[in-house]
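Novice: Just a sequence and a predicted model for now, questions to come.
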Amino acid sequence: MDRAWAAWLLASFGILTAGLAGLIFIAIQYASGASWSVALRRIPEALTAAIPIGGAAVLALVLLKPGPYPWSHGLEAHEGAEALAAFKVMWLSWPFFAGRAVFYVLVWIAFARAIVTHSRRQDEDASPAHTTRNITLSVAAIIVFALTFSLASFDWIMSIEPEWYSTIFAVYNFAGLFSSGLATIVILAVWLRRGPLRFVVSDEHLHDLGKLLFAFCTFWMYIWFSQYMLIWYANLPEETGYFITRMRGAYELLFIVNMLLNWVFPFFLLLRRPPKRRPEMLAKIAMVVLVGRWLDLYLMIVPPFSPAGPPFGMWEVASVLALGGGVAWIVTRALGQAPLVAANDPRLAHSLHYHS
């Protein structure tokens with residue numbers, strides 16, 4: 001049963017973070033005044049459709065009196081320091097825990113729907129006021145996301161092992177979220193470029209997406225190393241246990257492969273200019289990053305339930321199919337609900353010819 005809970009959490013959290021990656025990508029573009037991405041903005045907009053479905057799946061797990069969380073049966077026995085235990089008992093009390101989870105998901109859905117709605121309405125009335133409103137919404141969304149996603153990472157993932165803590169864990173989760181979100185956008189852009197967006201998505205768009213993917217895979221590795229190095233250097237028992245579990249037995253191989261997929265391969269393959277301008281090559285690199293994302297979530301979630309060794313069977317296969325198939329179904333369905341180009345956005349012309 002523990003493996004089923006872990007697979008459920010892995011798939012639902014993965015789907016939710018794919019949607020959040022689309023939201024944050026859009027918000028960053030609006031907030032920074034970027035115009036290059038307007039031509040392919042409908043792709044991350046479609047990704048945001050995963051937020052309600054992934055969020056509902058996470059909430060369903062939480063509201064079932066959380067199965068994967070050992071503290072749900074009493075946290076006091078897990079803590080030695082009374083003051084810290086008192087805070088954790090309060091913070092991880094089920095009503096407060098569930099209430100926060102509902103709040104996080106509703107806030108993310110509200111921001112995503114507001115921003116996407118203004119973008120779609122601009123197709124109808126061509127009013128630049130929608131862009132102005134989305135800039136304001138995007139700045140607010142980035143700030144709120146930084147706070148809520150940090151707490152959600154602590155609540156839903158870190159609290160699986162309530163004795164362990166890392167102040168950089170939320171940033172690490174964001175790095176994985178955004179690099180995998182960029183990889184998903186790359187794959188969809190390459191796919192749509194073969195059909196309806198063949199005269200819209202140019203080599204320049206793919207090149208810039210490739211540069212962003214290169215940068216955030218490197219950012220992921222920087223945060224991964226920062227967390228590992230500080231815990232290794234401090235050598236505190238309450239911190240080192242996290243890595244000891246994941247570097248023992250067969251987990252050690254997955255621990256190394258995780259770094260290869262999420263940083264080593266993307267870094268060296270995208271270091272040169274040509275691969276970033278070759279659609280098929282760029283899509284294959286993005287696929288590597290997505291496999292790495294699944295493995296990264298697997299290593300965050302599964303080892304506490306199977307410390308003797310990494311399981312891979314029906315439940316783990318189900319998590320792969322649910323995560324990959326779920327995101328694909330949600331996004332392709334959402335892409336058909338609006339024009340694939342934001343035709344009345346005032347910055348579209350610049351996006352189409354920004355390197356000409």
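Specialist: Okay, I see it.
Novice: I figured residue 148 hits residue 107, correct?
Specialist: Yes - with contact defined as Cβ atoms under 8 Å, residue 148 counts as touching residue 107 (6.0 Å). (Glycine included, C-beta is placed from N, CA and C.)
Novice: The two: which has the busier surroundings?
Specialist: Neighbours were counted for residue 148 and for residue 107 using other Cβ atoms under 10 Å; residue 148 has more, 18 against 15.
Novice: And the more buried one, which helix or strand is it part of?
Specialist: Residue 148 belongs to helix 129-156 when assigned by DSSP states H and E.
Novice: and that helix, how far from the chain's centre?
Specialist: 14 Å (Cα atoms, centre = their mean, to the nearest Å).
Novice: So for it, what gets flagged as buried?
Specialist: 130-131, 133-135, 137-138, 141-142, 144-145, 148-150, 152-156 (16 or more other Cβ atoms under 10 Å).
Novice: Stretch 191-198 now?
Specialist: 191-193, 197.
Novice: cool, and stretch 168-187?
Specialist: Applying 16+ other Cβ under 10 Å to stretch 168-187 flags 169-187 as buried.
Novice: Pull that stretch out as PDB, backbone CA atoms only.
Specialist: Extracted in PDB, the C-alpha atoms of stretch 168-187 (Å, rounded to 0.1, in the frame of the first residue of the first chain):
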ATOM      1  CA  ILE A 168      17.000  25.000   0.300                       C
ATOM      2  CA  PHE A 169      14.600  22.200  -0.500                       C
ATOM      3  CA  ALA A 170      11.900  24.500  -2.000                       C
ATOM      4  CA  VAL A 171      14.400  26.100  -4.300                       C
ATOM      5  CA  TYR A 172      15.600  22.700  -5.400                       C
ATOM      6  CA  ASN A 173      12.000  21.700  -6.200                       C
ATOM      7  CA  PHE A 174      11.500  24.900  -8.200                       C
ATOM      8  CA  ALA A 175      14.600  24.200 -10.200                       C
ATOM      9  CA  GLY A 176      13.300  20.800 -11.200                       C
ATOM     10  CA  LEU A 177       9.800  22.200 -11.800                       C
ATOM     11  CA  PHE A 178      11.000  24.900 -14.200                       C
ATOM     12  CA  SER A 179      13.700  22.900 -16.100                       C
ATOM     13  CA  SER A 180      11.100  20.100 -16.700                       C
ATOM     14  CA  GLY A 181       8.500  22.700 -17.700                       C
ATOM     15  CA  LEU A 182      10.900  24.200 -20.200                       C
ATOM     16  CA  ALA A 183      11.600  20.700 -21.600                       C
ATOM     17  CA  THR A 184       7.800  20.200 -22.000                       C
ATOM     18  CA  ILE A 185       7.400  23.500 -23.800                       C
ATOM     19  CA  VAL A 186      10.400  22.600 -26.100                       C
ATOM     20  CA  ILE A 187       8.800  19.200 -27.100                       C
END
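Novice: quick check: mean pLDDT across that stretch?
Specialist: Mean pLDDT, stretch 168-187: 97.
Novice: And for stretch 207-222?
Specialist: On average, stretch 207-222 scores 97.
Novice: Helices along the stretch 251-356 of the chain, start to end?
Specialist: 251-259, 265-270, 273-276, 279-301, 314-335, 348-352 (DSSP state H, counting those that start in this stretch).
Novice: Now residue 216: closest residue in space, sequence neighbours ignored.
Specialist: Leaving aside its sequence neighbours, residue 216 sits nearest to residue 179 (Cβ to Cβ, 6 or more residues apart in numbering; 4.2 Å).
Novice: tell me the angle the helix or strand the one you found falls within makes with helix 129-156.
Specialist: Under the criterion of DSSP H and E, residue 179 resides in helix 169-193. Taking axes from the mean of the first three to the mean of the last three Cα atoms, to 10 degrees, helix 169-193 and helix 129-156 form an angle of 130 degrees between their directions.
Novice: Check which element follows helix 169-193 along the chain.
Specialist: Next along from helix 169-193, by DSSP H and E: helix 203-234.
Novice: what's the spacing between residue 68 and residue 152?
Specialist: Distance of residue 68 to residue 152, computed by Cβ to Cβ, to the nearest Å: 15 Å.
Novice: Likewise for residue 256?
Specialist: 28 Å.
Novice: swap in residue 2?
Specialist: Distance from residue 2 to residue 152, by Cβ to Cβ: 22 Å.
Novice: Same check on residue 210?
Specialist: 29 Å.
Novice: For residue 11, the count of nearby residues, please.
Specialist: 26.
Novice: Going by neighbour count, which residues in the one helix or strand it maps to are buried?
Specialist: Residue 11 is part of helix 2-32, with elements assigned from DSSP H and E. Under the neighbour-count criterion of 16+ other Cβ under 10 Å, helix 2-32 has 3, 5-31 buried.
Novice: Report whether the expected contact of residue 297 with residue 7 is present.
Specialist: No - here residue 297 lies out of contact with residue 7, judged by Cβ under 8 Å, at a distance of 10.5 Å.
Novice: What sits closest to the residue nearest the centre of the chain if chain neighbours are left out?
Specialist: Nearest residue to the geometric centre of the chain (Cα atoms, centre = their mean): residue 177, 2.4 Å. Once flanking residues are discounted, residue 177 sits nearest to residue 17: 4.4 Å by Cβ to Cβ, 6+ apart.
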